[in-house]
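Peer 1: please find the sequence and the predicted model below.
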Amino acid sequence: MDVDASQYAEMSREMSTNKDYLHLYDRGRDYLDKPPFLFWVSSLSIQAFGANNFGYKLPSILFALLAVYATYRLARLLYDEATGRMAALILATCQGMFLMTNDIRCDTILMGWVITAIWLIKEWDISRKLPYFILGCVCIAFGLMTKGPIAIMVPVFCFASDWILKGEWRKLFRLEYFLGLIIIGLLLIPMSIGLYQQFDLHPEKIVNGKQGVSGLRFFFWSQSFGRITGESPWNNGADISFLMLNMLWSFLPWIFLFLTGLVINIINLVKQKFHIYQYQEWISSGGFILAYLALGSSHYQLPHYIFVVFPLAAIVTASLLRDIYENGRYPRLCRILHPAHIFIVSLLFLVTLLMLTVVFPAGAVSVILWVIAFAIWLFIWFRRRKLKGKILWICASGIVLINIFVTNHFYYHLLQYQLGSQVGRFIKIHNIPADSVASYNVHDPLNSISFYAGHMITNDSPSFNKNEYILTMNYGLRSLQQKGLNYDIVKSGVFFKVSELTPEFLNPNTRDKAVSDYYLVRLK
């Protein structure tokens, strides 16, 4: 999906072709934004399985599974086996997880590294076995190479809040931390060499409109902390509520359980005068709150930035369900939560039906399959009416069944409107040479065209020579006619920026007003 996922996929394909793992390029141009780990593993996967959806997505999906497993192990350490399993199931079935394993960015891998690091360091904190600590630091280092300093900030937030509230100040000052910093520093050397060679040694390069940009400073400071201090030029006006408002959909269907559990934990902490006992934990709640405040302080935010702490949110949610079902607490609250979550999942089923019948009308078979899925969910609901874990099962089963249709119907039809992937596949199928294709007056990022074409297509200044292929829109087509050029239209259609959905596009009666025409022409 354009913009980010297709850009990262093409960069990984390019890396797999040129075998340059120290320097990052985006369609032949110097790239200074994300660290290299996503591109390393994706390029290796592409070499093994080809430059296709599977080749690019496989590593991130494996890291999503790692995150689920590490969440289970951490929650089991903090609570018990049942809570660990619930936390894993909650993380695996939140809407954000379905999204981040469809629209692959850095956050899936980052989440896997960070929660694994927290689990391993907690194992070390309990058992005092040094290998756990070393592996935890390795995970932090690779997290840093995935998306920057947030990978070390989240574990620090988790353990610092837990130890401080327990009065375990000595744990904040351990000699092992120097070993950890050395391990992290050593593992960061290859990435740092690449950044220094590509940018610091070449101050004449223009990066984001500036010269003399240091790759090392950008990675270790500007890209993360610079967004808080205002040094970074990135600013979309997001405030502290932005990420929470987006969690209302991305952590469905668990969001209200999570918020309830978080509020209860905060209230209990206040009642205990900001002191917790040894059998309690503040790793999940404290880590989430402090990470949220750090991420929410940035002047530039996107909805997926909060995904890194979804495992902590899953543990908070699971601990609430543990109190409800294992300890029999909050009976009055249950009388509100049960019908509320039945209503939420029912509403999501209704939205899915609208996708199948209105947004992208499907055949009778798809509607029948939806009826079967809804019947399965009703069976689970009534089957669990007198058993423990009612909310858990109606939410998990419902969201899984719903996302079968979201992934295989909604996303499938939505991406038929993505210009880059449509034209890129056409170019590859018809063996059109990359150097003969140019874009002209096209209002679309076209990030995906090179990946699906199988080679870089970067020319946006056509020469208007014979046999040149030009991708353009209505305005560009009229311009070609005014120049007196003759052409054949080899492919045409409509497109829409699929990552920026609007009511006008989702309504089939007004979709024609939202989409734009495109043409791939061959000059005579």
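Peer 2: Everything's here; your move.
Peer 1: quick one: name whatever helix or strand follows the lengthiest helix in the chain.
Peer 2: The helix that spans the most residues within the chain, counting by DSSP state H, is helix 53-78. Later in the chain than helix 53-78, the nearest helix or strand by DSSP states H and E is helix 81-92.
Peer 1: so what touches that next one?
Peer 2: Here helix 81-92 makes contact (Cβ atoms under 8 Å, 6 or more residues apart in numbering) with 67-69, 71-77, 97, 254, 310-311, 314-315, 317-319, 321-322, 326, 389, 392, 396. Bear in mind the C-beta positions are built from the backbone N, C-alpha and C, glycine included.
Peer 1: ok, of those residues, which come out buried?
Peer 2: Buried members of the contacts of helix 81-92, scored by 16 or more other Cβ atoms under 10 Å, are 67-69, 71-77, 97, 254, 310-311, 314-315, 317-319, 321-322, 389, 392, 396.
Peer 1: can you spell out the domain ranges of this structure, please?
Peer 2: Residue ranges for the domains of the chain, per automatic domain parsing: 4-323, 330-416, 418-523.
Peer 1: so how far does the shortest one reach from one end to the other?
Peer 2: Between the opening and closing residues of domain 330-416 we find a distance of 48 Å, counting by Cα to Cα, to the nearest Å.
Peer 1: what's the answer for stretch 20-32, then?
Peer 2: End to end - Cα to Cα - stretch 20-32 spans 15 Å.
Peer 1: stretch 100-113 too?
Peer 2: With Cα to Cα, one end of stretch 100-113 sits 15 Å from the other.
Peer 1: any idea how far it is from the chain center?
Peer 2: Mean-position distance between stretch 100-113 and its chain equals 4 Å (Cα atoms, centre = their mean, to the nearest Å).
Peer 1: average pLDDT for it?
Peer 2: The average pLDDT within stretch 100-113 is 94.
Peer 1: which residues touch that stretch?
Peer 2: With contact meaning Cβ under 8 Å, 6+ apart, stretch 100-113 is reached by 1, 4-5, 8-9, 34, 37-38, 41, 56-57, 59-61, 63-64, 66-67, 70, 139-140, 142-143, 146-147, 150-151, 304-305, 307-308, 310-311, 407, 411, 499.
Peer 1: among the residues you listed, which are located in helices?
Peer 2: Residues of those located in helices (DSSP H): 4-5, 8-9, 37-38, 41, 56-57, 59-61, 63-64, 66-67, 70, 139-140, 142-143, 146-147, 150-151, 310-311.
Peer 1: report the buried members of the residues you listed.
Peer 2: Buried members of those, counted by 16+ other Cβ under 10 Å: 4-5, 8-9, 37-38, 41, 56-57, 59-60, 63-64, 66-67, 70, 139-140, 142-143, 146-147, 150-151, 310-311.
Peer 1: number of nearby residues for Phe405?
Peer 2: By the criterion of other Cβ atoms under 10 Å, Phe405 has 20 neighbours.
Peer 1: three-state assignment of it?
Peer 2: Under DSSP: H, G, I helix; E, B strand; the rest coil, Phe405 falls in the helix class.
Peer 1: how near is the residue nearest to Ile115 when sequence neighbours are not counted to Phe159?
Peer 2: Distance criterion Cβ to Cβ, 6 or more residues apart in numbering; nearest residue to Ile115, sequence neighbours excluded, is Pro311 at 4.0 Å. In this view, Pro311 and Phe159 are 15 Å apart by Cβ to Cβ, to the nearest Å.
Peer 1: now swap in Cys94 and tell me
Peer 2: Here Cys94 is placed at a distance of 24 Å from Phe159 (Cβ to Cβ).
Peer 1: neighbour count: those two, which is higher?
Peer 2: Neighbour count, other Cβ under 10 Å: between Cys94 and Phe159, Cys94 has more, with 27 against 20.
Peer 1: where does that one land on pLDDT?
Peer 2: Cys94 carries a pLDDT value of 96.
Peer 1: which ones are touching it?
Peer 2: Counting by Cβ under 8 Å, 6+ apart, Cys94 touches Ser250, Phe251, Leu252, Pro253, Trp254, Phe310, Ala314, Ile399.
Peer 1: need the pLDDT of the fourth one.
Peer 2: It refers to Pro253. pLDDT, Pro253: 95.
Peer 1: so it versus Leu302, what's the distance?
Peer 2: 22 Å.
Peer 1: next: the second one.
Peer 2: Here the distance between Phe251 and Leu302 works out to 16 Å (Cβ to Cβ).
Peer 1: who's more crowded, those two?
Peer 2: Taking other Cβ under 10 Å, Phe251 and Leu302 do not tie; Phe251 has more neighbours (26 against 15).
Peer 1: ok, which stretches of the chain are strands?
Peer 2: Under the criterion DSSP state E, the chain contains strands at 25-26, 29-30, 206-207, 210-211, 437-440, 469-472, 487-495, 516-523.
Peer 1: can you list the ones you listed in a markdown table and add mean neighbour count and distance to Ala453?
Peer 2: Output for the strands of the chain, formatted as a markdown table (neighbours: other Cβ atoms under 10 Å; distance: least, Cβ to Cβ, whole Å):
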| stretch | mean neighbour count | distance to Ala453 |
| --- | --- | --- |
| strand 25-26 | 18 | 15 |
| strand 29-30 | 12 | 17 |
| strand 206-207 | 14 | 27 |
| strand 210-211 | 10 | 31 |
| strand 437-440 | 22 | 8 |
| strand 469-472 | 24 | 11 |
| strand 487-495 | 14 | 13 |
| strand 516-523 | 19 | 12 |
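Peer 1: out of those strands, nearest to Phe374?
Peer 2: Proximity to Phe374, assessed across the strands of the chain by Cβ to Cβ, is greatest for strand 487-495 (32.5 Å).
Peer 1: helices or strands next to the closest one in the packing?
Peer 2: Counting contacts by 3 or more Cβ pairs under 8 Å, 6 or more residues apart in numbering; DSSP states H and E, strand 487-495 packs against helix 419-429, strand 516-523.
Peer 1: at 10 Å what do you get?
Peer 2: If you count contacts as 3 or more Cβ pairs under 10 Å, 6 or more residues apart in numbering; DSSP states H and E, strand 487-495 packs onto helix 419-429, strand 469-472, helix 474-482, helix 511-514, strand 516-523.
Peer 1: who does the fourth one touch, helix- and strand-wise?
Peer 2: The reference is to helix 511-514. Packing partners of helix 511-514 (3+ Cβ pairs under 10 Å, 6+ apart): strand 487-495, helix 503-506.
Peer 1: in the shortest one, what counts as buried?
Peer 2: Residues of helix 503-506 classed as buried under the neighbour-count rule (16+ other Cβ under 10 Å) are Phe505, Leu506.
Peer 1: then stretch 294-312?
Peer 2: Using 16+ other Cβ under 10 Å as the test for burial, stretch 294-312 gives 294-296, 298-299, 301, 303-312.
Peer 1: quick check: the farthest pair among the residues you listed?
Peer 2: Spatially, the most separated pair among the buried residues of stretch 294-312 is His299 and Pro311, at 26.2 Å (Cβ to Cβ).
Peer 1: centre of the chain versus stretch 457-472, how much separation?
Peer 2: In terms of Cα atoms, centre = their mean, the centre of stretch 457-472 is set 34 Å apart from its chain centre.
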